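> Sequence and predicted structure, then a few things I'm wondering about:
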Amino acid sequence: MSRRSRPNGGRLDVAVVGGGVVGTAAALALAKLGLEVALVESREPSPWSAAQRDLRVYAFAPDNAALLDELGVWAAVRSARVQPYRGMRVWDAADDGELAFDADALARRELGWIVEHGLLVDRLWSALAAAGVHVHCPARVVELEQHDDGARLRLDDGVLDARLVLAADGADSTVRELAGITTTTHDYAQRGVVAFVTSEQPHADTAWQRFLPGGPLALLPFADPDQRDDHAPIDRPGCTSSIVWTLPEIAAQRVLVLDEDSFNRELTAAFGARLGALQLRSQRAAFPLRRQLVDHYANGRVLLLGDAAHVVHPLAGQGVNLGLRDVAALRDSFRHAQSRRADYAAASRLARWARTRKSDNAASAHAFSAINRVFSNDDLLATLLRGPMLGVAGRMPPLARALWRHAAGL
């Protein structure tokens, strides 16, 4: 059943379009600053169920866990189902050199958490009513009008007026198109194959990634399935993982239709049998990979967040983390303005936020592209260099610590 509410007359402070992780977090964060906020979403998300594992998972960083904690959501997420990971191992198929991160060495209880998309969205939506966010769902934006001091969204069933519009409606953003903001796109000609598997040996609360000529293969530790779930019995405790297997288009299509035994053999070989034999425990799915960056994060009274502004290669697991950092930076900018009794929506303030986020996200996106280009090919020179490069980084604790702190947002 859809939920619907309307502001009690007058103009909103902020209208957020897009009810995914980033959009809902933005609506909550700004509502908690005392702003009048509406959230527009075309379809209410399905309730999360422990008996169903969402193939879309994130390697959630500590700074974003802290953001959700401030929003009063993280405790509800953790009590449902998350998998802490305490180690990371990254290595190349052509060399024994390894880059390792360890929670104890970094004086952390954990490096991060593996969390399902559906769980995050469910708990964020559950907090909207108490925060006073006006939810318009199902509703679609059909027209955007901008004025000097605000914007008007024409929905398929009404009108919203707001000082600011935040577009968090995904990579194919309608609001971005209506605002006339262009993008630059690079197609990687790769797909990310995702599934749940069990391994012969425990994952040891570690996120594993092996670079192969066709693309990286990641195994992310995942909480053992509920014993009541007949479709995913616990074979061996601590042996369930989520995979993201990056492959060229044709290769991805081929492994999606392999019979289960053949898929298991190929996956185990691709991972170098690092955790012994791997067995498929779910359906398989795949999504196309591309880098897409907007030319401007702000146009008048419209700001872009998350995938509406930046789509990056998943090899570092930073997509949703970057989007939530957009939210945290905007929240901090508004909070600073309020503390100084200044205008949170001043053009200069919005432009400063836009410049900073564009710079940070573009640097990350191009860095991920460079890593993918160096490690996802069979060029002789690259093959000879990349394994030792990881080994050198792994033997330099200050460098490893700096790399992890950047990824963790600390």
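Yep, that arrived. Residues are numbered from 1 along each chain as shown.

> The closest residue in space to residue 270 that isn't next to it in sequence: how many residues sit nearby?
Leaving out its chain neighbours, the residue that sits closest to residue 270 by CB to CB, 6 or more residues apart in numbering is residue 217, at 5.3 Å. For every residue, glycine as well, the C-beta is placed using N, CA and C. A total of 22 residues lie near residue 217 under the criterion other CB atoms under 10 Å.

> check contacts around residue 217.
Applying CB atoms under 8 Å, 6 or more residues apart in numbering, we find residue 217 in contact with 209-210, 243-246, 267, 270-271.

> repeat that with 6 Å
If you count contacts by CB atoms under 6 Å, 6 or more residues apart in numbering, residue 217 has them with 210, 245, 270-271.

> State the distance from it to residue 148.
Counting by CB to CB, to the nearest Å, the gap from residue 217 to residue 148 is 51 Å.

> mind checking the end-to-end distance for stretch 91-99?
This stretch, stretch 91-99, spans 6 Å end to end (CA to CA, to the nearest Å).

> How about stretch 140-157?
With CA to CA as the measure, what separates the two termini of stretch 140-157 is 8 Å.

> got it, and stretch 164-172?
For stretch 164-172, the first and last residues are 20 Å from each other (CA to CA).

> Any buried residues in that stretch, and which?
Using 16 or more other CB atoms under 10 Å as the test for burial, stretch 164-172 gives 164-170.

> Residue 291 - that's part of a helix, no?
No - assessed with DSSP: H, G, I helix; E, B strand; the rest coil, residue 291 is strand; it does not lie in a helix.

> now the helices for this structure?
21-31, 62-70, 74-80, 117-126, 128-131, 174-178, 249-256, 260-270, 319-339, 347-375, 380-394, 397-408 (DSSP state H).

> which one of those has the lowest average pLDDT?
Mean pLDDT per stretch puts helix 380-394 lowest among these, at a mean of 45.

> picking up where we left off before, report the beta-bridge partners for the residue nearest to residue 270.
residue 210, residue 245 (DSSP bridges).

> wait, doesn't residue 18 sit right on residue 169?
Yes - taking contacts as CB atoms under 6 Å, residue 18 lies within contact range of residue 169: 3.6 Å.

> can you count the residues close to residue 104?
Residue 104: 9 neighbours (other CB under 10 Å).

> and what of residue 113?
Residue 113 has 22 nearby residues by other CB under 10 Å.

> Can you give me the pLDDT of it?
96.

> how close does the residue nearest to residue 270 get to residue 268?
The value you get for residue 217 to residue 268, if CB to CB is used, is 11 Å.

> picking that back up, closest to residue 192 among the contacts of residue 217?
Each of the contacts of residue 217 was checked against residue 192 using CB to CB; the closest is residue 245, at 7.0 Å.

> returning to that earlier point: let's have the helices of the chain in a markdown table, adding distance to residue 304 and mean neighbour count.
Shown next, in a markdown table, are the helices of the chain (distance: least, CB to CB, whole Å; neighbours: other CB atoms under 10 Å):
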| stretch | distance to residue 304 | mean neighbour count |
| --- | --- | --- |
| helix 21-31 | 10 | 28 |
| helix 62-70 | 19 | 19 |
| helix 74-80 | 25 | 16 |
| helix 117-126 | 19 | 22 |
| helix 128-131 | 21 | 14 |
| helix 174-178 | 6 | 21 |
| helix 249-256 | 28 | 16 |
| helix 260-270 | 36 | 15 |
| helix 319-339 | 8 | 20 |
| helix 347-375 | 8 | 16 |
| helix 380-394 | 33 | 16 |
| helix 397-408 | 23 | 15 |
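
> Can you add distance to residue 43 and give those helices back as JSON lines?
Formatted as JSON lines, the helices of the chain follow (distance: least, CB to CB, whole Å):
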{"stretch": "helix 21-31", "distance to residue 43": "13"}
{"stretch": "helix 62-70", "distance to residue 43": "23"}
{"stretch": "helix 74-80", "distance to residue 43": "22"}
{"stretch": "helix 117-126", "distance to residue 43": "11"}
{"stretch": "helix 128-131", "distance to residue 43": "15"}
{"stretch": "helix 174-178", "distance to residue 43": "14"}
{"stretch": "helix 249-256", "distance to residue 43": "26"}
{"stretch": "helix 260-270", "distance to residue 43": "32"}
{"stretch": "helix 319-339", "distance to residue 43": "19"}
{"stretch": "helix 347-375", "distance to residue 43": "27"}
{"stretch": "helix 380-394", "distance to residue 43": "42"}
{"stretch": "helix 397-408", "distance to residue 43": "32"}
